[in-house]
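Chemist: Give me the fold of what follows.
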Amino acid sequence: MIALIDFGAGNLKSVANALNDFRAEYIITNKSDEINSADKIIFPGVGEAASAMNKLTDKNIAEVIKSTSKPLLGICLGMQLLATFSEERNTKCLDIIQSVVKQFDKSKVKVPHMGWNKAEFYNRAKLFTDVESGEYFYFANSYYLPITEYTIASTNYDVFFSAAINKNNFYGVQFHPEKSGKAGLQILRNFIELC
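Modeler: Numbering: from 1, shown residues only. The predicted structure is shown next:
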């Protein structure tokens, strides 16, 4: 059973639709006991960091995420919130990935970064099984996680930044796999079946 965390994120339905395509068994929940009882956790996110962290804290989901040993996949904002801090409204995040989420320089590039961009894989992580490095994925982000020791794929938009990360049982993708065609759906399937 997969727990799809519901904290008011905008891409919840599109992720659920992708899981339906796989006939994956899942629940949409904001209850800590249901998240704890799941085999895997998907942490989607579209929105603003501070309000998202407030919702996660109010519902005791932040502590569940920080303490879980289950495989967890953060998507977009869900990945960024795994960091220590975000420049978006000076937000203290979950501190799983020790890094600071930064804003793109509006004087150099159009913000948000929106559309298809390629991701170069740093290693052959399980998440990338049957997906080629250099594949294009769909991004929609104004903020980014810099390259860290946990980066497993990078993308360039004025700067190189983390397109995907992995630390122990925690995985994250900055792009939207549920909107990234065949390659994105393969990454979701890999998380469900292999991670």
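Chemist: all strands for this structure, in order.
Modeler: Along the chain, the segments classed as strands by DSSP state E run 2-5, 26-29, 40-43, 72-75, 83-86, 91-92, 97-103, 113-118, 120-121, 136-141, 143-144, 151-157, 159-167, 170-173.
Chemist: okay, which residue is most central for the protein?
Modeler: Residue closest to the average C-alpha location in the chain (Cα atoms, centre = their mean): Ile75, at 2.1 Å.
Chemist: Need the nearest residue in space to that one, chain neighbours excluded.
Modeler: Distance criterion Cβ to Cβ, 6 or more residues apart in numbering; nearest residue to Ile75, sequence neighbours excluded, is Pro44 at 4.6 Å. C-beta: built from backbone N, CA, C; applies to glycine.
Chemist: Likewise for Ala119?
Modeler: Leaving aside its sequence neighbours, Ala119 sits nearest to Ala163 (Cβ to Cβ, 6+ apart; 4.0 Å).
Chemist: Run a quick neighbour tally on that neighbour.
Modeler: Neighbourhood size, Ala163 [other Cβ atoms under 10 Å]: 27.
Chemist: Now do it against Phe104, distance only.
Modeler: 14 Å (Cβ to Cβ, to the nearest Å).
Chemist: still on that earlier bit, verify the stated contact: the residue nearest to the centre of the chain with Ile41.
Modeler: No. The pair Ile75 and Ile41 does not pass the contact test of Cβ atoms under 8 Å, sitting 11.3 Å apart.
Chemist: which ones are touching Leu127?
Modeler: With contacts defined as Cβ atoms under 8 Å, 6 or more residues apart in numbering, Leu127 is in contact with Ile152, Ala164, Asn166, Tyr171, Val173, Ile187, Asn190, Phe191, Leu194, Cys195.
Chemist: ignore the last one, Asp95
Modeler: Going by Cβ under 8 Å, 6+ apart, Asp95 touches Lys66, Ala83, Thr84.
Chemist: Could you rerun that using 10 Å?
Modeler: Residues in contact with Asp95 (Cβ atoms under 10 Å, 6 or more residues apart in numbering) are Lys66, Leu81, Leu82, Ala83, Thr84, Phe85.
Chemist: so which two of these are the farthest from each other?
Modeler: Using Cβ to Cβ, the contacts of Asp95 span at most 14.6 Å, a distance reached by Lys66 and Phe85.
Chemist: Who has more neighbours out of the two?
Modeler: Counted by other Cβ under 10 Å, Lys66 and Phe85 do not tie: Phe85 has more neighbours, with 16 against 13.
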